[in-house]
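# Pasted the sequence and its predicted model underneath.
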Amino acid sequence: MVKVVKFGGSSLADAEHFRQVASIIKADPSRRYVVPSAPGKRFKEDIKVTDMLYKCYELIRGRATKEEIDAQYTAICDRYKGIISDLGLDFDISGELEYVKNAMLHSAGRDYVASRGEYLNGLILAKYLGFYFIDAENVIFFRDNGSFDEEKTNQVLSEELKAHKYAVIPGFYGGMPNGTVKTFSRGGSDITGSIVARACCADLYENWTDVSGFMMADPRIINNPRAIETITYRELRELSYMGATVLHEDAIFPVRNAGIPINIRNTNRPEDAGTMIVSQASSYDSEHVITGIAGKKGFSVVTVEKDMMNAEIGFGRKILESFEDFGLSFEHLPSGIDTMSVVLPTAALDENRERVLQAVQRRTAPDSITVEDGVALLAIVGRGMVKAKGTAARVFNAISGADINIRMIDQGSCELNIIVGIDEHDFEKAINAIYDEFVND
Ligand code: ASP
């Protein structure tokens, strides 16, 4: 049995958390490969080390004074030195810190600077655990165009892992063909964990954070929502795309393809089972028909109307081409007999609003084009919906019972979700109504 364990920044923010992390790792000898983030926030107003590093890079680029740069870098060093001394660890990190500072001052790239957050934290954690340290730069590879090189990574990383029974591999970065360092997007240590799990054919990828898994709804909207015990990768895609953020979106792919489950766990409450993310959950094992509710505000609906549209071959293509020309992708495409609507984020539309609408006008010669802003989309997701009759009716009843007008409906073709468009100011109220209907009844 092999487990890969990734710990987020809040799980490694100070010495106390390091101790907790070590006790979790040592409690199970199959927890063999450890992927750390950089130290995160210790309290609400605190600053993550990654953000401090970005700031330091900007100061250097912006030719700030030596005093300003020194003060910023000293604050970063203090985070690491504080952890080492509070742990009582016999480890002199000053040479490393000096090296990083010199590299920063001598034109190291932005990604290199940011990646040092995980690198330095990884060194400390490896020392504390007595595990081997593998620098991600030498085992995780990007191509010249910046895309992740899965094949090469798998080959080199799996060989390297075979050589060490226990190891720490810092998250968030890898190496470019030209020898420089590149990071994934923010929160990317989740992706590293997934890549490591794939490379060693792990039985489980444990992702330790500061919440006990995914909640059925956003805790900022629903008071104390229930945790989701089991969720499939496809359900998770739907929910995280719609705003439920615990795990980086791209972290799903390497393990999903290899059939490795992910377990989201809480470092501060290791006794909680957390959420299991699996490829297949054959029977629906929850008492609720739905798995979760998520949503986003800030959408616009562009509706194009033309008599006999249904008979005009290529009408839809002409509309979509008009959006494509401006590099706009759409979220949904509800249509009627003589109307077709394109739903997309308002911020994206606003970059070229007039020109896009003119292009649609020119291409399709419609009877009318209207744009409605201020739309929120809700996704009600659940693999149990396929079998349960009347789910859509319950969703719509709950929404109308709360006196909310539904502006758009889209049931995904896989019967995994129902998407509803409503006015933005009804967003929180609608989520409450649906949650009450399915969970609190
Ligand atoms: N430290 C990086 C960030 O703050 C990556 C991570 O934590 O996953 O985005």
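Structure's in. What do you need?
# ok, how many other residues are close to Glu351?
Glu351: 11 surrounding residues under other Cβ atoms under 10 Å. Bear in mind the C-beta positions are built from the backbone N, C-alpha and C, glycine included.
# Over to the residue nearest to it when sequence neighbours are not counted. Which of the three states is it?
Closest residue in space to Glu351, ignoring its immediate chain neighbours: Phe326 at 7.4 Å, by Cβ to Cβ, 6 or more residues apart in numbering. Counting by DSSP: H, G, I helix; E, B strand; the rest coil, the backbone at Phe326 sits in coil.
# Against Leu236, how distant is the residue nearest the centre of the chain?
The residue lying closest to the centre of the chain (Cα atoms, centre = their mean) is His248, at 2.3 Å. Distance from His248 to Leu236, counting by Cβ to Cβ, to the nearest Å: 12 Å.
# related to what we said a few turns ago, OK, contacts around the residue nearest to Glu351?
Contact analysis of Phe326 by Cβ atoms under 8 Å, 6 or more residues apart in numbering lists 351-352, 355-356, 359.
# With Ile124 instead?
18, 80, 83-84, 87, 89, 91, 93.
# Am I right that it sits in a helix?
Yes. Checked against three-state DSSP, Ile124 lies within a helix.
# begin at 43 from here
In the new numbering, first residue 43, that becomes Ile166.
# now the end-to-end length of stretch 48-59.
Chord length of stretch 48-59, first to last residue, is 14 Å (Cα to Cα, to the nearest Å).
# sec struct for Glu248, please.
Applying three-state DSSP: Glu248 is strand.
# so where is this structure shaky, pLDDT-wise?
Applying pLDDT under 70 to the chain picks out residues 285-286, 324-329, 455, 483.
# where's the closest residue to Thr317 other than its chain neighbours, which helix or strand?
With sequence-adjacent residues excluded and distances taken as Cβ to Cβ, 6+ apart, Thr317 is closest to Gly255, at 3.1 Å. Taking DSSP states H and E as the definition, one finds Gly255 inside no helix or strand.
# how near is the residue nearest to the centre of the chain to the ligand?
7 Å (Cβ to the nearest ligand atom, to the nearest Å).
# With Ser282 instead?
15 Å.
# For that residue, the count of nearby residues, please.
Ser282: 19 surrounding residues under other Cβ under 10 Å.
# before we move on, what about Tyr99?
The burial count for Tyr99: 20, using other Cβ under 10 Å.
# Please name the residues that touch it.
Going by Cβ under 8 Å, 6+ apart, Tyr99 touches 146, 152, 155-156.
# Same list (these) but as a markdown table, adding secondary structure.
Compiled in a markdown table, these are given as follows (three-state DSSP):
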| residue | secondary structure |
| --- | --- |
| Met146 | helix |
| Arg152 | helix |
| Val155 | helix |
| Ala156 | helix |
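# ChimeraX command to pick out the buried ones of those residues?
ChimeraX command restricting the contacts of Tyr99 to the buried ones, with burial defined by 16 or more other Cβ atoms under 10 Å:
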select :146,155,156
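# quick one: secondary structure of Val76?
Put simply, Val76 is strand when judged by three-state DSSP.
# Just list the residues touching it, thanks.
Going by Cβ under 8 Å, 6+ apart, Val76 touches 46-49, 67, 167, 171, 173, 209-211.
# Any residues of this structure in contact with the ligand? List them.
Applying Cβ under 6 Å from any ligand atom, we find that the chain lies next to the ligand at 51, 79-80, 90, 92, 159, 213-214, 228-232.
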